[in-house]
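Undergrad: sequence first, predicted coordinates after that:
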Amino acid sequence: SALAAGLQKDVKHMPAQPPPSPVVPVAVPPSTDPIMAEVDYDLNATALYKHIEGRRWDDAMKFIEDNTDNGRAERAAATWVIRKEKNGKLRWRLLPIHGCIMFGGPL
């Protein structure tokens, strides 16, 4: 479709790395949901998030397809990836779905 072609053209012109996000103070209590988790971007970002960040959409889909039955795909999709400032303040907090939006995932 014309919309898909236009979006693909826009994605090609996106910078390789997104501009740094402004620091937004966020107070989010820890989850009591056993499937939700939180990982540090600099230490142990999930494979799913790294595929999304790298705009490797086929790899992201393959990860989901290969890990649906064992529950890894669901856990990765529900895992918050966080990044902190050097002083320990939260810089940002994203789920993989947020990364898909930010990095121009296919429709």
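TA: Sure, I can see it. Numbers count the residues shown, from 1 in each chain.
Undergrad: what about the helices in this protein?
TA: For the chain, the helices defined by DSSP state H cover 2-12, 41-44, 47-53, 57-67, 72-77, 96-102.
Undergrad: how about residues contacting the last one?
TA: So that's helix 96-102. Residues from elsewhere that reach helix 96-102 (C-beta atoms under 8 Å, 6 or more residues apart in numbering): 18, 46, 48-49, 52-53, 60, 76-77, 79, 81, 94, 105. C-beta here means a position set from N, CA and C on the backbone, and glycine is covered the same way.
Undergrad: how many neighbouring residues does Lys86 have?
TA: Burial measure for Lys86: 6 neighbouring residues, criterion other C-beta atoms under 10 Å.
Undergrad: how much space between it and Asp42?
TA: Using C-beta to C-beta, to the nearest Å, Lys86 is found at 11 Å from Asp42.
Undergrad: which of the contacts of helix 96-102 has the most neighbours?
TA: Ile52 (27 neighbours).
Undergrad: I'd say that one and Gly105 touch.
TA: Yes. Counting by C-beta atoms under 8 Å, Gly105 is a contact partner of Ile52 at 6.9 Å.
Undergrad: now for the chain, the helix or strand with the poorest mean pLDDT.
TA: helix 2-12 (a mean of 56; mean pLDDT, DSSP states H and E).
Undergrad: low-confidence regions, the protein specifically.
TA: Where the chain drops to pLDDT under 70, the residues are 1-36.
Undergrad: in stretch 55-63, which residues are buried?
TA: By 16 or more other C-beta atoms under 10 Å, the buried positions in stretch 55-63 come out as Arg55, Trp57, Ala60, Phe63.
Undergrad: contact partners of that stretch?
TA: Val11, Ala47, Leu48, His51, Ile52, Ala73, Ala76, Pro96, Phe103, Gly104, Gly105, Pro106.
Undergrad: nearest residue to Glu85 other than its sequence neighbours?
TA: Closest residue to Glu85 apart from its sequence neighbours, by C-beta to C-beta, 6 or more residues apart in numbering: Arg91 at 5.2 Å.
Undergrad: so that neighbour makes contact with Lys84?
TA: Yes. Assessed by C-beta under 8 Å, Arg91 is found in contact with Lys84 at 5.7 Å.
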